[in-house]
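Engineer: Sequence plus the predicted model coming up.
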Amino acid sequence: MKPTISKSRSVADEVPSLASVHRPYAELIEKRSKLWARRSALEDERRELYRRETPEIAPLAADVDQQSRVAVLLGEKPLAKSPERKPGDVQRLSEIRIELSDIEVALGLLERRIRAEGLAASALVCDQVKPLFEEIQRQAIEAVLDLYEANRTLIAFADHMNLSEISWSELNPVLTDRLAGQPGQADGPIGRVLRDAIDAGWLKLSDLPQELR
């Protein structure tokens, strides 16, 4: 029985993921996800530490105090102070910087390993889907050959009607030569596809219409 894709399912349903066929690849992907999550958490923490008191965006404490006192004298609401940096913040920022740097190095190594294991996983996927792909490819090539024959017949009909000086626009023709090219056009769209099919071993030269050989 030939493998086929059900109309109710997509190609994605038929093709396994790299992680599902190769455990080493899946483990590397999982490690990368964890490192991404850790990096995101550290970046959030770093932003919070900087927010407590960053000289570039926060007024000096003395300035805030004075402005607050002036605001009170004017009957206005005192300025809110920026969250104060805790004694261990500087040390923690240093630790975060080091860990983020380590994570970037680790991610670089992981990406190289993922690419290598991805090739191994891809080979396994290709082995599994080969019968299905071959059927899909054959169907596509057969459809191209069918289109060539249908286009040739339609063009022949159109040529005969025109040469016979028959006005036939009322039949609402839709010519397919813009897609399929002219019959016998070896360098046309269909001719090039069929040549590629021969080069890839899907067709023999004898499978082509005589005028395309």
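Structural biologist: Received it, and whenever you're ready, just let me know what you need.

Engineer: now the helices: where do they sit in this protein?
Structural biologist: Using DSSP state H, the helices of the chain run over 11-14, 18-21, 23-52, 61-73, 89-163, 177-180, 189-199.

Engineer: Can you give me the pLDDT of the closest residue to residue 36 other than its chain neighbours?
Structural biologist: Of all residues beyond its chain neighbours, the one nearest residue 36 is residue 107 (7.9 Å), with distances taken as Cβ to Cβ, 6 or more residues apart in numbering. Just so you know, the C-beta spots here come from the backbone N, C-alpha and C atoms, and that holds for glycine as well. On the pLDDT scale, residue 107 is placed at 95.

Engineer: just to revisit the earlier point, can I get the helices of the chain in JSON lines with distance to residue 210 and mean neighbour count?
Structural biologist: Formatted as JSON lines, the helices of the chain follow (distance: least, Cβ to Cβ, whole Å; neighbours: other Cβ atoms under 10 Å):
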{"stretch": "helix 11-14", "distance to residue 210": "35", "mean neighbour count": "11"}
{"stretch": "helix 18-21", "distance to residue 210": "45", "mean neighbour count": "16"}
{"stretch": "helix 23-52", "distance to residue 210": "49", "mean neighbour count": "14"}
{"stretch": "helix 61-73", "distance to residue 210": "91", "mean neighbour count": "12"}
{"stretch": "helix 89-163", "distance to residue 210": "11", "mean neighbour count": "14"}
{"stretch": "helix 177-180", "distance to residue 210": "17", "mean neighbour count": "14"}
{"stretch": "helix 189-199", "distance to residue 210": "13", "mean neighbour count": "17"}
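
Engineer: Would you format those as CSV with distance to residue 213 included?
Structural biologist: Putting those into CSV (distance: least, Cβ to Cβ, whole Å) gives the following:
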stretch, distance to residue 213
helix 11-14, 33
helix 18-21, 41
helix 23-52, 45
helix 61-73, 88
helix 89-163, 13
helix 177-180, 17
helix 189-199, 10
